[in-house]
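1. Here is the input, now give the coordinates:
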Amino acid sequence: MNLNKFRSIALFLCLFFIVGCQSEVQLKPMTFQEIYPANLSHVTKIEIRHGGGKLKTITDVEIIDDWLDSIKEITFEPEENQEGRVGYKYSVKLFEENDVKIFFTTSKINDFYYKTNNQIMERTEKLFDES
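-> Below is the predicted model of the structure:
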């Protein structure tokens, strides 16, 4: 076997192993607080888009804190089937100042699909309707 083929196969196996390990680490039940990449108390703005296209922006810190407090302990169960999908009921962006810290839909967070969660759906719908 020539050296280039050996290197190509070794590189492929390493990448395959790395990607496989990352998927397993990410695919476990997690609370929203565990998923969020920063401190929830630093969120300054929420943008919610309804699947039909309507966008609402919330900047009232009290409303933001109340909503985040209501969802932080919700557990998200990963879907076994991680194949791509289209559509969502709501998408949400959380900002710290002008930086988007996380973008998620009611079924997908950080490129992973989660089982339908009525708690997050109801709380997001309520925030959207009342804002």
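2. just for this structure, where's the confidence low?
-> Counting by pLDDT under 70, the ranges of the chain that qualify are 1-26.
3. What segments of it are helices?
-> 3-26, 32-35, 61-71, 118-130 (DSSP state H).
4. how close does T106 get to E77?
-> 14 Å (CB to CB, to the nearest Å). The C-beta positions use only the backbone N, C-alpha and C, and glycine is treated the same way.
5. Oops, could you answer that again for I120 instead?
-> 11 Å.
6. quick one, which of those two is more surrounded?
-> I120 (22 against 13; other CB atoms under 10 Å).
7. Look up the closest residue to that one, ignoring the ones flanking it.
-> I74 (5.5 Å; CB to CB, 6 or more residues apart in numbering).
8. How many residues are close by the one you found?
-> The number of residues near I74, taken as other CB under 10 Å, comes to 16.
9. re the thing from before, any common contacting residues for T106 and E77?
-> N117 (CB atoms under 8 Å, 6 or more residues apart in numbering).
10. residue contacts, the spatially most central residue of the chain?
-> Centre of the chain computed as the mean C-alpha position; nearest residue by CA atoms, centre = their mean is I109, 1.9 Å away. By CB under 8 Å, 6+ apart, the residues touching I109 are 35, 76, 102.
11. Touching, W67 and R123? I think so.
-> Yes - assessed by CB atoms under 8 Å, W67 is found in contact with R123 at 6.6 Å.
12. Neighbour count for the two, which is higher?
-> Between W67 and R123, W67 has the larger neighbour count (other CB under 10 Å), namely 22 against 17.
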